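Engineer: from the sequence below, what's the structure:
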Amino acid sequence: MAIYLKREISDKVMEVQKYYPVTAITGPRQSGKTSLCRHLFPTYNYVNLEDLTMRGKAIADPTGFIDSLGMTAVIDEVQNVPELLSMIQVRVDENRDMRFILTGSSNFSLLHRMTQSLAGRVALFTLLPFSFKEMTEGEKNVPTWRLLSRGQYPGIIVNDIPEGIFYSNYYTTYVERDVRDLMKLKNIMRFDTFVRLLAARTGSEFNASQIAKEAGVSAPTITEWLSILEASYITFTLRPYYANISKQLTKMPKVYFYDTGLLCYLLGIETEQQYQSSTLKGAIFENMAISELIKNQYNQARIPNINFYRERSGKEVDAMVRTPEGLHLYEIKAGSTFKPEFAYNMEYLSQLLPEAQLRTVIYDGPTSAPILLNIRDI
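Structural biologist: Just a heads-up that it's a prediction; the model follows:
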């Protein structure tokens, strides 16, 4: 029997069934969307539109296809036949007792179509690879370099697929299928170069012109390619914080990867020695912490509200999370020993922004509330 680990988002998904006839769950390929849906809705009719036969039936007769599913259904990879969304709208308007669970691996056009066709009828969720809160203590208590290089996709955590095999196949499949489908890309090699250049800049400000020179394409093309990576849940951007204070604040976003396993694969980091000697050690650690903060918000069915703070003078705070209690500041350090200077920039910023009084250092040492937090305890 397949192992199933409960996902934090489960209770929220079940709760909205009382209010919305349609639930949409997006997220990267192999993040566990199908397992979640089949576990939560075992009695629903299930169809997967990756199946070419099933897809052909849906394309040929959308009305008959939807009607054949009955009152409750899970439709996997619905982005393959977006025409179904209009028919779902018609049916749920006729009968609000119907329930459809939709999944998709790309939000590039899917969310736009959903908000058009199913406005007021659909609850939206994002499911990412496992968060630390969803993993067992044994799965988390491995050396930090392993934690980062292994990543947190269910195929690795649950099925024990070696990460070298998993990420090689994952990335090849992503480039060959999703990228070609999304943008009809002709030069895969230059796109691959772009992705690897981006990996080498994780946690850094995104400068399209600079990357364009190295990749041999135009800056607008780089910006378009970044939107493709974001749409398929490979990367995300963190926007800088803006405030009415007399400082010169940076305006460029930072780029991170949703999963550090894929990031390390792209960087060629497979061993502890490679990780420890890498100039990107701190950036990879920071990437892990930021992605955990993002997951925690998505798992509470919230749109992530996270920024970073940076002045042109160099003063910087890695993450600012808006909470009901005010702005929560986070400084992220890869070291295992706390140093008072870790908190200096947060203390500085809390003087400028009175609402920023919650301060935490995420690092690789023991948790000691309220100021110190081991990365595994996020």
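
Engineer: quick one: distance of the strand or helix carrying Ile88 to the chain centre.
Structural biologist: Element membership for Ile88 (DSSP states H and E) is helix 84-94. Distance of helix 84-94 from its chain centroid, counting by Cα atoms, centre = their mean, to the nearest Å, is 29 Å.

Engineer: quick one: the helix or strand following that helix to helix 84-94, angle?
Structural biologist: Downstream of helix 84-94, the next assigned helix or strand under DSSP H and E is strand 99-104. Angle, strand 99-104 to helix 84-94, by axes from the mean of the first three to the mean of the last three Cα atoms, to 10 degrees: 160 degrees.

Engineer: elements contacting the helix or strand that strand 99-104 is followed by?
Structural biologist: Counting by DSSP H and E, the element after strand 99-104 in chain order, helix or strand, is helix 110-117. If you count contacts as 3 or more Cβ pairs under 8 Å, 6 or more residues apart in numbering; DSSP states H and E, helix 110-117 packs onto strand 22-26, helix 84-94, strand 122-126. For every residue, glycine as well, the C-beta is placed using N, CA and C.

Engineer: neighbours around Thr260, how many?
Structural biologist: Residues within reach of Thr260, counting by other Cβ atoms under 10 Å, total 26.

Engineer: give the contact list for it.
Structural biologist: By Cβ atoms under 8 Å, 6 or more residues apart in numbering, Thr260 lies in contact with 148-149, 151, 284, 287-288, 291.

Engineer: if we use 10 Å, what do you get?
Structural biologist: Contacts here follow Cβ atoms under 10 Å, 6 or more residues apart in numbering; on that basis Thr260 touches 129, 147-152, 202, 267, 269, 284-289, 291.

Engineer: of these, just the buried ones, PyMOL syntax please.
Structural biologist: Buried residues among those (16 or more other Cβ atoms under 10 Å), as a PyMOL selection:
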select buried, resi 129+147+148+149+150+151+152+202+267+269+284+285+286+287+288+289+291
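
Engineer: so which of the contacts of Thr260 sit within helices?
Structural biologist: 147-150, 267, 284-289, 291 (DSSP state H).

Engineer: ok so, going back, can you say which of the helices and strands packed on helix 110-117 is packed in most?
Structural biologist: strand 22-26 (a mean of 24; mean count of other Cβ atoms under 10 Å).

Engineer: next, the angle from that strand to strand 122-126.
Structural biologist: Using the same axes, to 10 degrees: strand 22-26 against strand 122-126 is 20 degrees.

Engineer: if we can go back for a sec, with distance to Phe308 and pLDDT added, can I get the ones in helices among the contacts of Thr260 in CSV?
Structural biologist: Shown next, in CSV, are those (distance: Cβ to Cβ, whole Å; pLDDT from 0 to 100):
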residue, distance to Phe308, pLDDT
Leu147, 23, 97
Leu148, 20, 97
Ser149, 24, 97
Arg150, 26, 97
Leu267, 22, 97
Ile284, 17, 98
Phe285, 15, 98
Glu286, 10, 98
Asn287, 13, 98
Met288, 15, 98
Ala289, 12, 98
Ser291, 14, 98
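
Engineer: quick one: contacts for the residue nearest the centre of the chain?
Structural biologist: Per Cα atoms, centre = their mean, the C-alpha nearest to the average position across the chain is that of Tyr258, at 4.5 Å. The neighbours of Tyr258, taking Cβ under 10 Å, 6+ apart as the test, are 27-28, 31, 128-129, 151-153, 229-230, 232-236, 287, 290-291, 294-295.

Engineer: could you rerun that using 6 Å?
Structural biologist: Counting by Cβ atoms under 6 Å, 6 or more residues apart in numbering, Tyr258 makes contact with 128, 233, 291.
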